[in-house]
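S.K.: predicted model follows, preceded by the sequence.
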Amino acid sequence: MRKTLKHDFPLHVFLGIAALLTFYPFIFLVISSFRSTADFMHSFWGLPNPLVLANYRDAWSRVSGYVGNSVLISVSSMVGVLFIGSISAFVFARYNFPGKEIFFFGILALLMIPGILTLVPAFLLIKSFGLLNTYWALILPYIAGGQIFGIFVLRSFIASLPEELYESARLDGASMWHLYAKITVPLSKPILVTIAIMNILSTWNDYIWPLVTIPDGNKWTVSVGIVSFGSSFAGSQNYGPMFAGYVIASLPLIILFMFTMRYFIAGLTSGAIKA
Amino acid sequence: MASVTYEHVYKRFGDVIAVNDLNIEIADKEFLVFVGPSGCGKTTSLRLLAGLEEISDGRILIGDRVVNDVPPKDRDIAMVFQSYALYPHMSVYDNMAFGLKLRKVPKAEIDKKVKEAAEILGIGQFLDRKPKQLSGGQRQRVAVGRAIVRNPKVFLFDEPLSNLDAKLRVQTRAEISKLHQRLGTTFIYVTHDQVEAMTMASRIAVMKDGILQQIDTPQNLYDHPSNVFVAGFIGSPSMNFFEATVVEQDGKLYVDGGSFKVNIPENKKADYMPQKGKKVVFGIRPEDIYAAQYAAPGINPAPVKADVDVSELMGNEIFLYLLSGNKSFIARVDPRTHARPGETLDLVMNMDNMHLFDPQTEKTLDVI
């Protein structure tokens, strides 16, 4: 044991440095968010002294609206993706119908198209619907785009569930809806949480699409709003509230991940070993 | 409670005929066992009755009702699967209550039924547990309990014991038989294990290649197999078969197997006389071959000599793997028998229990 520790020591040092470098930007962000203007001038690399909590109060008053918009849009999109994705995947996995494979490969093909290529046609479509500058301009395309990956992942997972469970449920009197809601969804929980997190991550961090479809600053999401918020500090010496704003913008995702990490990891590894 | 009738039932998967013209009438409260090797169509026959497969041709009736187009949930049947098919995300209680909840049975009644079934099966203390927290035997009981609470007309069992260890299988076998007596409902059971079939069934349906070979009581199947397949499938170890000729000598009939010649008893002579001079398949069960000095009294003995190849002591008996000429066969003899590999042993065959089969059709030539 002792020998192994000695042997692994250089490796542990290397991994420690790598971990520090990975976390450093975020640590720097958090520390800076508590600095006063004077601290930025005279003690840039030191710990903040005193801790300026007012930075958060200032930042919150300007960023909270963006966070609220992002929460609304991300959660709505996520719910839509999970519902439509899971119900489509359930049908693809457990039922046969004419053209099933062609449909499925068509959906898979959409995964291969870079999102940026569909920007202009999607913009024109949303414009023709009269949805520009509304939350729907974000929510509907996010659901349409997000469900593709959801269907792809969920279909494989649902297809791997034992057929006898479904047969047993059918004998118990389950309808198609029961098979979906009472059997498939509960058993797919880890993979659904994984898709939910990945979907929220991508919608939360999306910058281009909300920038082009939402001109109204009051409806901006965090990713667009925080850029505008950050640029308002240009020429100022008071960066504390700016960094506090950045922390506030990233905090919801960190909290989300903390609470769902168990399911997320279970979802990522599901199917890796035989149950 | 209901009878079940298969009327000229066919099931085709593409070019493969999984069930071929199946005709069976299963009486109310009967315990029928489908038995046969893998791919013989026994599970498909059960699934056709459950409504999990569509019938290609023919009719299935539960009671007087044709159920060909009736969805599984409306057939009033319950099924226990080989893998138990318990819902892993639900507790034992919820697993058992699921079917009743879907049928909108009042909560108090569900509770009563689940607890009663749990009591019968001795799983009352596990109601809050998830299936993964149970042993194989306990899961099997939950699966049976899930079927019981529904109080169906017909219980279907698809190899429910095959995932249990040998000891538990014997114990559960007896429990299922007791359950049948207690519930007084029609049980239809599928297994590849002929011991399970023999010990539990009121009648056994033996299948091969989608075709029903014979349906009868366990004792009749054992005593009067209708063909070589049934004769070989029922009984363990299997019946021994020899290519032979029926010959007459000095007014007596013999089965001449080349390396041995055994006398057909007088009381069977008339039955087998039409086979005189013809080639036949001679069948004799291992338990009807005795070491000469330990032959059971009152049998119709025919002496035979054979070389011992392998001897397996089972405690209460010995399985002898023997050679007569170049033909190998098995005898189940008294444990006191001294038989070492390489030795020649004096045996007797109990010709009261002999069988003759047609070598072409493989059908029995016995007159029943």
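M.R.: Sure, I can see it.

S.K.: what number of residues lie near residue B:15?
M.R.: 5 (other C-beta atoms under 10 Å in any protein chain shown). Where C-beta positions appear, they are placed from N, C-alpha and C, glycine not excepted.

S.K.: what's the answer for the one 4 residues further on, then?
M.R.: Other residues lying near residue B:19 total 27 when counted by other C-beta under 10 Å.

S.K.: isn't it up against residue B:43?
M.R.: No - contact criterion C-beta atoms under 8 Å: residue B:19 and residue B:43 do not qualify, at 10.1 Å.

S.K.: could you list the low-pLDDT ranges of the chain?
M.R.: In the absence of a named chain, this looks at chain A. Within chain A, the stretches with pLDDT under 70 are A:1-5, A:267-275.

S.K.: wrong chain, I was asking about chain B
M.R.: For chain B (pLDDT under 70), the answer is B:1, B:368.

S.K.: within the sheet, what are the partner strands of the longest strand along it, with directions?
M.R.: Longest strand of chain B, by residue count under DSSP state E: strand B:301-313. Next to strand B:301-313 in the sheet, as set by DSSP bridges, lie strand B:318-324 (antiparallel), strand B:344-350 (antiparallel).

S.K.: can you put those in CSV and add distance to residue B:134?
M.R.: Putting the strands paired with strand B:301-313 into CSV (distance: least, C-beta to C-beta, whole Å) gives the following:
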stretch, distance to residue B:134
strand B:318-324, 37
strand B:344-350, 48
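
S.K.: the longest strand of chain B: how far from the chain's middle?
M.R.: 28 Å (C-alpha atoms, centre = their mean, to the nearest Å).

S.K.: at the contact with chain A, which residues of the stretch 1-150 of chain B appear?
M.R.: Within reach of chain A by C-beta under 8 Å from any C-beta of the partner chain, the stretch 1-150 of chain B has these residues: B:50-52, B:71-73, B:77-79, B:81-83, B:85, B:87-89, B:98-99, B:102-103, B:146, B:150.

S.K.: separate out the buried members of the residues you listed.
M.R.: B:50-52, B:72-73, B:77-79, B:81-83, B:85, B:87-89, B:98-99, B:102, B:146, B:150 (16 or more other C-beta atoms under 10 Å in any protein chain shown).

S.K.: ok, now which ones touch residue 46?
M.R.: Just so you know, I chose chain A. Neighbouring residues of residue A:46 by C-beta atoms under 8 Å, 6 or more residues apart in numbering or on different chains: residue A:39.

S.K.: not quite, go with chain B.
M.R.: Residue B:46 neighbours (C-beta under 8 Å, 6+ apart): B:34, B:79, B:156, B:158, B:188, B:190.

S.K.: for it, phi and psi?
M.R.: phi -70, psi -40 (degrees, to the nearest 10).

S.K.: what's around the nearest residue to it once chain neighbours are set aside, how many residues?
M.R.: Spatially, and ignoring its direct neighbours in sequence, residue B:46 is nearest to residue B:190 (5.0 Å; C-beta to C-beta, 6 or more residues apart in numbering or on different chains). By other C-beta under 10 Å, the residues close to residue B:190 number 27.

S.K.: follow the chain on from the host helix or strand of residue B:190 and name the next helix or strand.
M.R.: In the assignment (DSSP states H and E), residue B:190 maps to strand B:186-191. Remark: after strand B:186-191, the chain's next helix or strand is helix B:194-200, criterion DSSP H and E.

S.K.: okay, buried residues for that following helix please.
M.R.: So helix B:194-200, judged by 16+ other C-beta under 10 Å, has buried residues B:194, B:196-198, B:200.

S.K.: nearest to residue A:10 among these?
M.R.: residue B:196 (62.8 Å; C-beta to C-beta).

S.K.: which residues touch the closest one?
M.R.: So residue B:196 contacts B:33, B:35, B:161, B:169, B:173, B:189 (C-beta under 8 Å, 6+ apart).

S.K.: for the chain, what spans make up the helices?
M.R.: Picking chain A for this. A:2-32, A:37-42, A:54-94, A:100-111, A:119-128, A:136-159, A:163-172, A:176-178, A:185-187, A:189-205, A:208-213, A:222-231, A:240-269 (DSSP state H).

S.K.: that was the other one, I meant chain B.
M.R.: Under DSSP H, chain B gives helices at B:42-50, B:92-102, B:107-121, B:136-149, B:166-183, B:194-200, B:218-223, B:228-233, B:266-272.

S.K.: residue contacts, residue 199?
M.R.: Went with chain A since none was named. A:74, A:77-78, A:81-82, A:142, A:146, A:150.

S.K.: my bad, the chain I had in mind was chain B
M.R.: B:173, B:177, B:218.

S.K.: out of these, the closest to chain A would be?
M.R.: residue B:173 (21.8 Å; C-beta to the nearest C-beta).

S.K.: could you check how far that closest one is from residue B:144?
M.R.: For residue B:173, the distance to residue B:144 equals 12 Å [C-beta to C-beta, to the nearest Å].

S.K.: what's the answer for residue B:200, then?
M.R.: 14 Å.

S.K.: now swap in residue A:154 and tell me
M.R.: 33 Å.

S.K.: now do residue B:81
M.R.: For residue B:81 relative to residue B:144 (C-beta to C-beta), the value is 11 Å.

S.K.: any common contacting residues for these two?
M.R.: Contacts common to residue B:81 and residue B:144, judged by C-beta under 8 Å, 6+ apart, are residue B:160.

S.K.: name the nearest residue to residue A:263, sequence neighbours excluded.
M.R.: residue A:193 (3.7 Å).

S.K.: for residue A:76, that is, sorry about that
M.R.: Using C-beta to C-beta, 6+ apart, the nearest residue to residue A:76 is residue A:139, at 4.9 Å.
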